[in-house]
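Student: I'll drop the sequence and a predicted model, then ask my questions.
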Amino acid sequence: MPTRHSSAPTETAAEPATDVVALRRSVAAGAVGVFVHWFDWAAYAYLAGTVATVFFPSDDRTTGLLAVFGVFAVSFGIRPIGALVFGPLGDRIGRKRTLSLVIFMMSGATLTIGLLPGYDSIGIAAPILLVALRLIQGFAAGGEFGSAASFLAESAPRRRRGFGVSWLEVGSLLGFLAGSFVFLLLSSGLDDAQLTAWGWRIPFLVAAPLGIIGFIIRNKIEDTPEYRALEANDAVPSSPARELFRSHKRELLQAAGLMTAMHVPFYAVLTYLVTYETDHLGHSADNAALLSTVISLLGLVLVPLFGGLSDRVGRKPVFVGATVALLVLSTPAFLLMRAGLVGTWIAGLLLGAILAAILGTYAVWSAEVFPTRTRQSGLSVAYNVTAALFAGTVPYLMTVLISATGSTLVPGPYLMVFAVGGLVAALSLKETAGSALLRAEDVAEPAGAAEPVAERV
């Protein structure tokens, strides 16, 4: 069993300016890919009705929408396959190369969707090509989180590692907000005919230059000190996936528990809550969308604060506190929403703050669970398998359960179940804040670099 370190860093001196610059560069390289991914995700989701008209013409609008969301689900389902490819690949050839490769694939597929002729032009080939491109996007997205989280964790100064890795989720929230904002501009500035004829292409075309910028940034960075130490010691694993499943099943399950406790509230609060407000609380779509936007803006502020707090007090206190709060307050929050619009806003912001604490800590703690030799494999598999099983199914299962039980309080107990899972995983882990990421098991001999990785701060 790998040794876990519980010692916190003892250095209190001000961080050198070079470390601050390096941290900013690493954050930009790591977060740009998730920004592009979530920008595309939001654009596709908000434009679902228009995309259905362009690619799946039907007299029944519901049929077209189901086809569009079916394509969305398929792209989600292929992510674990991408994780099984890009996770081990990153442990074998480095974080930098997989970071560059996945953003190139995602951006290329997004650009091609923006240029794709519709059903009226090329017939059945249009939806077939759309499915193929969404599969490419999903496959590449399966390698994004593991690559980016490994890179950020291994690049950040270890006493600011939580703060550095938390910007991965800031990139996600920014991408989601940017996609929503572009849709708002399009829907308010264009009529339905213009949106269907050409306006829907704009977000997909805009994502292409963003991807190019991200590719350039990632292509210019150096690989992480930990991975370079593996290379220097001739300790790069030949089969990291086999090593992961043979020797680190416990860590894989622990990371999966942390990630599931993130996925479910993320999709419940930031995506499903809009539908819940309009369908079950009677609020207007504008009010529901505004609350979702404010919750995302709150997350932009709180996520890095909670990441930094975990550097000071530890991962466990922050994450355990957040999951306990989710367990205790989920059902009361949905009860409060029945009190009217003000109650809905208070409950939504409360759940958003709890989610921010989870987002600020789960990724860095998961990264610290795995040894360097299998870190990217472990993160990729745990993240994408739990996402495929539990994230994309949240809106569907909420709808089914409310219909079956007749109770609009169902989301509360549903969140409580996954809060318990995250809490069990967290309590089974030791504190890792301030620990060295390169372990004795990672290299045959201690790293002989002039600046030992294990002693970086």
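Tutor: On my side now, so go ahead. Keep in mind the model is a prediction, meaning the values are calculated, not measured.
Student: Low-confidence ranges, the chain, go.
Tutor: 1-20, 22, 58-66, 69, 72, 444-457 (pLDDT under 70).
Student: please redo it, this time with the cut-off set to 80
Tutor: Where the chain drops to pLDDT under 80, the residues are 1-25, 45-46, 48-49, 57-76, 392-393, 395-396, 443-457.
Student: all strands for it, in order.
Tutor: For the chain, applying DSSP state E gives no strands.
Student: what are the ranges of the helices in the stretch 351-457 of the chain?
Tutor: Under the criterion DSSP state H, counting those that start in this stretch, the stretch 351-457 of the chain contains helices at 362-369, 375-386, 394-405, 411-427.
Student: Would you mind putting those into JSON lines with distance to residue 156 and mean neighbour count alongside?
Tutor: Using the backbone N, CA and C atoms, a C-beta is placed for each residue, glycine as well. Output for the helices of the stretch 351-457 of the chain, formatted as JSON lines (distance: least, CB to CB, whole Å; neighbours: other CB atoms under 10 Å):
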{"stretch": "helix 362-369", "distance to residue 156": "8", "mean neighbour count": "28"}
{"stretch": "helix 375-386", "distance to residue 156": "14", "mean neighbour count": "29"}
{"stretch": "helix 394-405", "distance to residue 156": "31", "mean neighbour count": "15"}
{"stretch": "helix 411-427", "distance to residue 156": "21", "mean neighbour count": "20"}
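Student: Make JSON lines from the ones you listed and add distance to residue 87 to it.
Tutor: As requested, those are arranged in JSON lines below (distance: least, CB to CB, whole Å):
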{"stretch": "helix 362-369", "distance to residue 87": "13"}
{"stretch": "helix 375-386", "distance to residue 87": "3"}
{"stretch": "helix 394-405", "distance to residue 87": "24"}
{"stretch": "helix 411-427", "distance to residue 87": "20"}
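Student: so who does residue 418 touch?
Tutor: Neighbouring residues of residue 418 by CB atoms under 8 Å, 6 or more residues apart in numbering: 260, 261, 264, 265, 390.
Student: With respect to residue 106, which of those is nearest?
Tutor: Nearest to residue 106, judged by CB to CB, of the contacts of residue 418 is residue 390 at 22.5 Å.
Student: There's contact between the closest one and residue 263 in this structure, I believe.
Tutor: Yes. Under the criterion of CB atoms under 8 Å, residue 390 makes contact with residue 263 at 5.2 Å.
Student: Those two - which one has more neighbours?
Tutor: Legend: neighbour count by other CB atoms under 10 Å for residue 390 and residue 263, higher for residue 263 (24 against 20).
Student: Skipping its backbone neighbours, what lies nearest that one in space?
Tutor: Nearest non-adjacent residue to residue 263, counting by CB to CB, 6 or more residues apart in numbering: residue 391, 4.0 Å away.
Student: Could you check how many residues crowd around that neighbour?
Tutor: Neighbour count for residue 391, taken as other CB under 10 Å: 21.
Student: returning to that earlier point: can you pick the most crowded of the contacts of residue 418?
Tutor: Neighbour-wise, these (other CB under 10 Å) top out at residue 261, 29 neighbours.
Student: Return the residues in contact with the residue nearest to it when sequence neighbours are not counted.
Tutor: In this structure, residue 261 finds its nearest non-sequential neighbour in residue 422, 2.4 Å apart by CB to CB, 6+ apart. Counting by CB under 8 Å, 6+ apart, residue 422 touches 257, 258, 260, 261, 262, 319, 323, 326, 358.
Student: Kindly recompute the last result at 6 Å.
Tutor: Residues near residue 422 by CB atoms under 6 Å, 6 or more residues apart in numbering: 257, 258, 261, 323.
Student: out of these, which are inside helices?
Tutor: Among the contacts of residue 422, the ones falling in helices (DSSP state H) are 257, 258, 261, 323.
Student: hang on, the last one packs against residue 425?
Tutor: No. When contacts are counted by CB atoms under 6 Å, residue 323 is not listed as touching residue 425 (8.9 Å).
Student: Distance check, the spatially closest residue to residue 253 that is not a sequence neighbour against residue 394.
Tutor: Take residue 253 and drop its neighbours on the chain: the residue closest to it by CB to CB, 6+ apart is residue 425, 7.5 Å away. Distance, residue 425 to residue 394, by CB to CB, to the nearest Å: 19 Å.
Student: which residues sit in contact with residue 319?
Tutor: 361, 426.
Student: try residue 267
Tutor: Per CB under 6 Å, 6+ apart, neighbours of residue 267: 391, 394.
Student: Make 45 the first number, not 1, from now on.
Tutor: Yes, from this point I'll number from 45; that puts the last item at residue 311.
Student: Compute the distance between it and residue 454, please.
Tutor: Applying CB to CB, the value for residue 311 to residue 454 is 15 Å.
Student: Please apply the same query to residue 202.
Tutor: As defined by CB to CB, residue 202 lies at a distance of 42 Å from residue 454.
Student: thinking again about what came up before, quick one: closest of the helices of the stretch 395-501 of the chain to residue 273.
Tutor: Here helix 419-430 is closest among the helices of the stretch 395-501 of the chain (CB to CB), at 12.7 Å.
Student: Identify the residues contacting that closest one?
Tutor: Contacts to helix 419-430, defined as CB under 6 Å, 6+ apart, come from residues 123-124, 127, 131-132, 134-135, 186, 189-190, 193-194, 284-285, 288, 296, 299-300, 303-304, 307, 410, 414.
Student: where exactly do the helices run in the stretch 145-294 of the chain?
Tutor: Along the stretch 145-294 of the chain, the stretches classed as helices by DSSP H, counting those that start in this stretch are 163-166, 169-185, 188-199, 205-233, 236-238, 245-264, 269-276, 284-291, 293-311.
Student: So which elements touch the shortest one?
Tutor: I take that to be helix 236-238. Of the remaining helices and strands, none touches helix 236-238 by 3 or more CB pairs under 6 Å, 6 or more residues apart in numbering; DSSP states H and E.
Student: Check the fourth one too.
Tutor: With contacts taken as 3+ CB pairs under 6 Å, 6+ apart, helix 205-233 sits against helix 61-90, helix 188-199, helix 329-357, helix 406-413.
Student: Need those helices in CSV (columns: distance to residue 182).
Tutor: Shown next, in CSV, are the helices and strands packed on helix 205-233 (distance: least, CB to CB, whole Å):
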stretch, distance to residue 182
helix 61-90, 10
helix 188-199, 10
helix 329-357, 23
helix 406-413, 20
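Student: Among those helices, which comes closest to residue 179?
Tutor: Checking the helices and strands packed on helix 205-233 against residue 179 by CB to CB gives helix 61-90 as the closest, at 13.4 Å.
Student: which strands and helices sit next to the closest one?
Tutor: helix 188-199, helix 205-233, helix 245-264.
Student: Could you export these as TSV, including distance to residue 425?
Tutor: Output for these, formatted as TSV (distance: least, CB to CB, whole Å):
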stretch	distance to residue 425
helix 188-199	8
helix 205-233	17
helix 245-264	22
